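> The following comprises the amino acid sequence and a computationally predicted model.
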Amino acid sequence: MENYFFGMDLGGTNVVIVLMDATGKMLARRSEPTKVSLGPASLVERTADACKTLLAECKIERSNVKGIGIGSPGPLSRSQGRLIKLGNLPGFDNFPLRPELSRRLAVPAVLDNDANAACWGEFWQGAGKNVRDMVMFTLGTGIGGGIVCDGTLIHGSDDNGAELGHLVIQMGGRLCTCGQHGCVEAYASATGTTARAQELLDAGRDSSLAQVYQNAGKLTAKDVFDHAQAGDTLALEVVDGTAQALALTSVNMRHVTEPELVVLAGGMINAGDFLLNKVRESFHKQMWALRHESMEIVYATLGENAGAIGAAGLALYAFEHDQLYDAGT
Ligand SMILES: [Zn+2]
């Protein structure tokens, strides 16, 4: 009898749900609108129904599903299966998502941070398939992080470890949304990248981005990368800063867990080799001279499914290590 696992990635707009087997094959996928305003109870009901639909589509009995993995924005409590505070999901604070969903489907479950789940997805089935030690940065509005050390996902003492976006790379540097100064997120996230370009424009610097801002009333990270690639000096300076910040963070991580691989994920990797080559070059320039480091920096390969795939993988891992929480507990 085969074992199957659900993976769920909770986002502010959509919930992605996948049904996978224990070899990592995805059998079915569904994306449901989160509909935040309807509240968490409605979400549990709708996602449970979606899971039942996937089972029916694949002609799989519910008793063959051994676990559900849920990835959610943090902070959260893994042991209680409870969300704590979610900026983009008002009304979901303190909701016991894991026990509620698990009870509804009568299947044991685990809850984890969405960046951790995405990292585990890439480790299990994506860019990190052949390594045992990797670090992942998800570059979006903020920067999410995940660390796999010796084949195990790092959670820390209170489940909020691996918040790699808030590693400080500049003493007394830019103010981050978290309240710290100098976090890598304040420099190298899509928001940080755009903000640095905007500040240079506001200071009166010449740039082809000025026209974009005039027409659209705002800038995006894509604008900055496009104009840098076209040779605009200001945009290039900003992208170099982004690459340098990511490289410096990679240097720091190399000294912490010595990963074989740093995986970059998220919307910003659409900038392609242009960004990747800059990060790699900057890494080797900034890394110590004591020995040549063979660590690779690569892009993620699973795209927007990484979180849901990883959540299913975390359910499988918990099943194999007897770490699943019984249905409804
Ligand atoms: Zn921060």
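Received the coordinates, thanks. Predicted, not measured: the structure shown is a model, and the values here were computed from it. Residues are numbered from 1 along each chain as shown.

> CA only for contacts and neighbour counts going forward, please
Will do.

> Which single residue in this protein comes nearest to the ion?
Of all residues in the chain, His166 sits closest to the ion, at 4.0 Å by C-alpha to the ion.

> What is the neighbour count of the nearest residue to that residue once chain neighbours are set aside?
Nearest residue to His166 in three dimensions, chain neighbours excluded: Cys183, at 4.7 Å (C-alpha to C-alpha, 6 or more residues apart in numbering). Neighbour count for Cys183, taken as other C-alpha atoms under 10 Å: 27.

> please begin residue numbering at 19 from this point
I'll keep to 19 as the first residue from here, and by that count the last item is Cys201.

> what helices or strands is whichever helix in the chain runs longest leaning on?
Using DSSP state H, we find that the single longest helix of the chain is helix 251-275. In this structure, helix 251-275 packs against helix 203-206, helix 208-220, helix 239-247, helix 291-304, with contacts taken as 3 or more C-alpha pairs under 8 Å, 6 or more residues apart in numbering; DSSP states H and E.

> So what touches the next helix or strand after it?
Scanning forward in sequence from helix 251-275 by DSSP states H and E, the next helix or strand is strand 279-283. Residues outside strand 279-283 that contact it (C-alpha atoms under 8 Å, 6 or more residues apart in numbering): 145-146, 149, 151-157, 268, 313-318, 321.

> In PDB, list the C-alpha atoms belonging to strand 279-283.
Extracted as PDB, the C-alpha positions of strand 279-283 are listed here (Å, rounded to 0.1, in the frame of the first residue of the first chain):
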ATOM      1  CA  LEU A 279      24.800  25.300  -2.100                       C
ATOM      2  CA  VAL A 280      23.100  28.600  -1.800                       C
ATOM      3  CA  VAL A 281      19.800  28.700  -3.600                       C
ATOM      4  CA  LEU A 282      18.200  31.900  -4.600                       C
ATOM      5  CA  ALA A 283      14.400  31.900  -5.200                       C
END
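
> could you flag which of the contacts of strand 279-283 are buried?
Neighbour-count burial (16 or more other C-alpha atoms under 10 Å) applied to the contacts of strand 279-283 gives 145-146, 149, 151-157, 268, 313, 315-318.

> how about the helices in the stretch 69-218 of the chain?
115-123, 132-143, 203-206, 208-220 (DSSP state H, counting those that start in this stretch).

> Check whether the last one comes into contact with the ion.
This means helix 208-220. No. For helix 208-220, no contact with the ion is found by C-alpha under 5 Å from the ion; the gap never falls below 11.1 Å.
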